[in-house]
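**Q** Sequence and predicted structure below; questions after.
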Number of protein chains: 2
Amino acid sequence: MPTHPIVAALRGRLGTDVPLATDADVLAAYSHDRAPWLAHGAPLAMVAPGDVDGVRHVLELAAEHRVPVVPRGAGSGLTGAANAVDGCLVLSTHRLRPEPRLDVDDRLVRVGAGTLNGEVKQAAAGVGLLYPPDPASSAFCSIGGNVATNAGGLCCVRYGVTRDWVRELDVVLPGGEALRVGHTAPKSVAGLDLVSLLVGSEGTLGVVTGATLALTRGPDRLVTVVASLPSLAAAGDVVLALRDRPEPPVLLEIMDATTIRAVEELAHLGLDVEAAALVLVQLPEEADGAGAAGPAGVEDVCRAAGATEVYATTEPDEARALLQARRLAYEAFERRGLPLLEDVAVDVSRLPALIAAIAGVAERRGVTIGTFGHAADGNLHPVILVEHDTPAARVLAQSAFDDVVEETLALGGTLSGEHGIGRLKLPYLARQLDPVALRLMQQVRAAFDPLGLMNPGSSLPA
Amino acid sequence: MPTHPIVAALRGRLGTDVPLATDADVLAAYSHDRAPWLAHGAPLAMVAPGDVDGVRHVLELAAEHRVPVVPRGAGSGLTGAANAVDGCLVLSTHRLRPEPRLDVDDRLVRVGAGTLNGEVKQAAAGVGLLYPPDPASSAFCSIGGNVATNAGGLCCVRYGVTRDWVRELDVVLPGGEALRVGHTAPKSVAGLDLVSLLVGSEGTLGVVTGATLALTRGPDRLVTVVASLPSLAAAGDVVLALRDRPEPPVLLEIMDATTIRAVEELAHLGLDVEAAALVLVQLPEEADGAGAAGPAGVEDVCRAAGATEVYATTEPDEARALLQARRLAYEAFERRGLPLLEDVAVDVSRLPALIAAIAGVAERRGVTIGTFGHAADGNLHPVILVEHDTPAARVLAQSAFDDVVEETLALGGTLSGEHGIGRLKLPYLARQLDPVALRLMQQVRAAFDPLGLMNPGSSLPA
């Protein structure tokens, strides 16, 4: 196949220092994110500019040549939002990775799109501050992707999502114009909220190249509790009870028996593989209600719900090890086969109903579903696992996936709590959103991208 | 003047139960918000539908007749965003005021646009919950206006702004289509964030008719502290010191000597009229660091900064009385003359510099400026007071106003922390925002309102 003229044009504009690949093995690696199952197209090239000017050149030439662009962060997405389409440029932001620049007085940090979430946390921790958004993939996901998906993670129950921590964004628009939106001050109302609009837009409005993030002081000492429950329903009771406190926990996660066993098999952490469910809770020590006036202690709440084992620690290393069990959940399933990952969310009061509905789907369809997730947000990650990859097994798994969506929508839930729509959930989007809302979103998208070149086929119907 | 045909069309469509006024005295009352100084136009009529269908009829007929619409909440806005333009319909949402509908399990409340902020707080308090956004005008401002301006208020330092508490919005678009956007679940990423876009859009994108708001559990017991400081600079020191704690205060306000005296004159609360500044702090009792391990107590922090008097209380009634002093600040100036109200905000570290700059403007221009505000958000409300209304006094006040804007922008600040842009700050907006950002905002506005009928002349340049 002859090379598309945009490749030579890019080389001319970007010089030889910017990675620009057209060979099949590189393209294969950059053609999809971490979602299995989804098909992807064949890109013309992968380009990875190292600065804003490079990104501007790419988007300018793409507009000139009418070539679609699929922006890409660290590739840890789970919905195919970074999957290539045929004849596109994959624009990877992984080289936009300057040292985080801290402003301790105002608790801010300026980062590049390619800066890893874990690097931001580390830089903040170095000055006694906290960057709360904490996807399980923190060690290898980047801020650009976190912004594109409005990533959540383990601490949302107390700290909210990525959108709540973004003050400014540097963006390159389709066509190549660069601008900064938002403001560093804690409060600003000046024009429409373009920051919130860009967060969660999955590369459909432009390419985020950098961000100013807010930081906070974290609690001085945390208690981490892990409890073994005799049923998922009992775990749901613990979640509802712990939520009803004056001070929210920092995190409140559940894992079912299938997940516990998969993680234990992978990592040999000594988890209670007899438990029907584990609940993981972390909260500031002073909020663990020891006094008569305060709320019941977390251990007591767990035991009242029938916990067979409860373990609590204030040792940071031990706490990290316990959380590691939860962080490894998806990876544990990846090792065991082809995982079809859900990310549904409901009002928290409906969590027990959603848990029961998922169990019903597994039984009805005769498939393995492991469920874990951010219980206090009403956000679960049921994983439908295909251990032996056959066409029939895939069809079956897809039916179970459809059923989980169906059950979630019937409970008034949402298709995605935090992973986004991408290509995985796009076929269902019109089931959830008002058609007028969809049309408005498309019009807003067209205002940013009149040529329709940014991430086509993802996130919103054409 | 003959009546415009839209008036008869509205009467026909809405029936006789819907207030539809064309008489001069009613129109005068509905032609402006609470911002003095600004001119306003002469509307064709004021219409106040009592339900969503009524709003749809109004916007449908407005589009048909190409008549501009100025939406209006309770009229407590401070930037002229609800000021009429010539030949417009004023669409008042004050009758969209159903009983708040609580969902205690999921900590939500459904309200109408006309529901007062204070009514939401009261309904929430009735079930032991808290609706945090707390404009000083809480008793008479409505949720529709709070949403339109992204209202802040007294509790932002801990709880954020209105946008952080809105889960769903019911909207009628220009042309009359109605839809609901957002989701009740704590986390949802499904399409672009139209909720955040509508919040703060000041009636330029559509008419908000209702909202689902999130509630939370408040702290069980609060300590309220008021301290007299010997200078505004010392008050600034207290703010910076109190901000640097693991747990943020619920509120942290300052008032300067001019404001203290104006309030005392109005309300005779027994304020320390000798103080150069008052600092008001409220925080959860358990966060007032009594123990050796915890942070220094608030009283100690104030005394270390040179406080001459410190008074602390845990009595709710007494606390309310102390806060009342702050809530009355603007009203106190309204009683004394023509107040030109600012709402500038900076990064909190620059608060002392902003305070000094404002004092410099007052001295240089020879005008009275009373300053109060949400210090922990970096958000101040300097009031330039014209006691005797003459053309020369107005010119002088306007120059001081311009200077404050100038000084704020020079400090990297923002034109508005919480009141919005409206008509008051529109002439300055292009000074703060990137021209490309302005263009994007206009394009987004056009996507919602292709005929340009919604609140023309407000909030964004044409």
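**A** Arrived safely.

**Q** Please make it C-alpha for all contacts and neighbour counts, starting now.
**A** OK.

**Q** Quick check: the nearest residue to residue A:107 once chain neighbours are set aside vs residue A:150, distance?
**A** Distance criterion CA to CA, 6 or more residues apart in numbering or on different chains; nearest residue to residue A:107, sequence neighbours excluded, is residue A:215 at 5.0 Å. The gap separating residue A:215 from residue A:150 is 17 Å, by CA to CA, to the nearest Å.

**Q** more neighbours, these two?
**A** residue A:150 (28 against 24; other CA atoms under 10 Å in any protein chain shown).

**Q** show me what contacts the nearest residue to the more buried one once chain neighbours are set aside?
**A** Nearest non-adjacent residue to residue A:150, counting by CA to CA, 6+ apart: residue A:200, 4.5 Å away. Neighbour list for residue A:200: A:147, A:148, A:149, A:150, A:151, A:420, B:189, B:191, B:192, B:193 [criterion: CA atoms under 8 Å, 6 or more residues apart in numbering or on different chains].

**Q** Mind checking which of those land in helices?
**A** Residues of the contacts of residue A:200 located in helices (DSSP state H): A:147, A:148, A:149.

**Q** so how far is residue A:171 from the residue nearest to the first one when sequence neighbours are not counted?
**A** Meaning residue A:147. Excluding the flanking residues, the one nearest residue A:147 by CA to CA, 6+ apart is residue A:199, at 5.0 Å. Distance, residue A:199 to residue A:171, using CA to CA: 11 Å.

**Q** can you check residue A:284 too?
**A** With distances taken as CA to CA, residue A:284 is found 37 Å from residue A:171.

**Q** The two - which one has more neighbours?
**A** Shown here are residue A:284 and residue A:171; by other CA under 10 Å, residue A:171 has more neighbours (25 against 19).

**Q** So residue A:223: helix, strand or coil?
**A** When classified by DSSP: H, G, I helix; E, B strand; the rest coil, residue A:223 comes out as strand.

**Q** which residues of the stretch 201-350 of chain A fall in strands?
**A** A:207-214, A:222-229, A:251-256, A:277-284, A:309-313, A:338-341 (DSSP state E, counting those that start in this stretch).

**Q** ugh, wrong one, the stretch 1-150 of chain A
**A** A:20-21, A:45-47, A:69-72, A:89-92, A:101-103, A:108-112.

**Q** Can you name the residues in contact with the second one?
**A** Strand A:45-47 is touched from outside by A:7, A:18-22, A:26-27, A:30, A:88-92, with contacts defined as CA under 8 Å, 6+ apart.

**Q** What strands line up against it, and which way round?
**A** Paired neighbours of strand A:45-47 in the sheet (DSSP bridges): strand A:20-21 (antiparallel), strand A:89-92 (parallel).

**Q** Save these as CSV, and put in mean pLDDT and mean neighbour count too.
**A** Below are the strands paired with strand A:45-47 laid out as CSV (pLDDT from 0 to 100; neighbours: other CA atoms under 10 Å in any protein chain shown):
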stretch, mean pLDDT, mean neighbour count
strand A:20-21, 98, 20
strand A:89-92, 98, 27
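
**Q** Format the ones you listed as JSON lines; extra columns: distance to residue B:359.
**A** Formatted as JSON lines, the strands paired with strand A:45-47 follow (distance: least, CA to CA, whole Å):
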{"stretch": "strand A:20-21", "distance to residue B:359": "56"}
{"stretch": "strand A:89-92", "distance to residue B:359": "50"}
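
**Q** Now do the strands in the stretch 351-462 of chain A.
**A** With strands called from DSSP E, counting those that start in this stretch, the stretch 351-462 of chain A shows them at A:368-374, A:379-386.

**Q** Check which helices and strands the shortest one is in contact with.
**A** In this case it means strand A:368-374. Packing partners of strand A:368-374 (3 or more CA pairs under 8 Å, 6 or more residues apart in numbering or on different chains; DSSP states H and E): strand A:251-256, helix A:257-267, helix A:351-365, strand A:379-386.

**Q** For the strands of the stretch 201-350 of chain A, could you give me a markdown table that also reports distance to chain B?
**A** Listed next are those as a markdown table, based on distance: least, CA to the nearest CA, whole Å:
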| stretch | distance to chain B |
| --- | --- |
| strand A:207-214 | 11 |
| strand A:222-229 | 12 |
| strand A:251-256 | 14 |
| strand A:277-284 | 10 |
| strand A:309-313 | 19 |
| strand A:338-341 | 16 |
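
**Q** which residues touch stretch A:101-115?
**A** In contact with stretch A:101-115 (CA under 8 Å, 6+ apart) are residues A:73-74, A:93-100, A:120, A:123-124, A:127, A:129, A:142-145, A:184, A:208-216, B:347-349.

**Q** again, but for stretch A:241-254
**A** Residues lying outside stretch A:241-254 but in contact with it, judged by CA under 8 Å, 6+ apart, are A:154-159, A:235, A:239, A:277-284, A:287, A:295, A:298, A:301, A:326, A:372-376, B:217-220.

**Q** try it again with 6 Å
**A** A:154-155, A:158, A:278-283, A:372-376, B:217, B:219 (CA atoms under 6 Å, 6 or more residues apart in numbering or on different chains).

**Q** can you list the residues of the stretch 301-450 of chain A near chain B?
**A** Within the stretch 301-450 of chain A, the positions near chain B by CA under 6 Å from any CA of the partner chain are A:346, A:347, A:349, A:377, A:416, A:417, A:418, A:420, A:443, A:444, A:447.

**Q** so what's the last one closest to, chain neighbours aside?
**A** The spatial neighbour of residue A:447 that comes closest, neighbours along the chain excluded (CA to CA, 6+ apart), is residue B:443 at 5.8 Å.

**Q** since we're on that neighbour, how many residues are nearby?
**A** 18.

**Q** That one and residue B:429, how far apart?
**A** Distance, residue B:443 to residue B:429, using CA to CA: 16 Å.

**Q** And the helices in the stretch 1-150 of chain A?
**A** Counting by DSSP state H, counting those that start in this stretch, the stretch 1-150 of chain A has helices at residues A:5-14, A:24-29, A:52-65, A:117-125, A:143-149.

**Q** which residues does the residue in the stretch 251-400 of chain A positioned nearest to chain B contact?
**A** As assessed by CA to the nearest CA, chain B sits closest to residue A:347 within the stretch 251-400 of chain A, at 4.5 Å. Neighbour list for residue A:347: A:378, B:185 [criterion: CA under 6 Å, 6+ apart].

**Q** pLDDT weak spots in chain A?
**A** Applying pLDDT under 70 to chain A flags the ranges A:1, A:289-296.

**Q** Which segments of it make up each domain?
**A** A:101-214, A:220-335, A:337-420 (automatic domain parsing).

**Q** Need the winner for burial among the ones you listed.
**A** Compared across these, domain A:101-214 shows the largest average neighbour count, a mean of 23 (mean count of other CA atoms under 10 Å in any protein chain shown).

**Q** For that domain, measure first residue to last.
**A** 12 Å.

**Q** chain center to that domain, what's the gap?
**A** Distance, stretch centre to chain centre, for domain A:101-214: 13 Å (CA atoms, centre = their mean, to the nearest Å).

**Q** Can you verify my assumption that residue A:68 contacts residue A:453?
**A** Yes - using CA atoms under 6 Å, residue A:68 is in contact with residue A:453, at 4.3 Å.

**Q** For the residue in the stretch 351-462 of chain A that chain B sits nearest to, give me its contacts.
**A** Residue of the stretch 351-462 of chain A nearest chain B, by CA to the nearest CA: residue A:417 (4.3 Å). Contacts for residue A:417 were tallied using CA under 6 Å, 6+ apart; they are A:343, A:344, A:345, A:379, B:187, B:188, B:189.

**Q** 10 Å - rerun?
**A** Contact partners of residue A:417, counting by CA atoms under 10 Å, 6 or more residues apart in numbering or on different chains, are A:150-153, A:342-346, A:374, A:377-381, B:185-190.

**Q** With residue A:424 instead?
**A** A:35-39, A:78-81, A:340-342, A:458-459.

**Q** Repeat that for residue A:89.
**A** Residues near residue A:89 by CA under 10 Å, 6+ apart: A:6-7, A:20, A:22, A:27, A:31, A:42-47, A:58-59, A:62, A:67-71, A:455.
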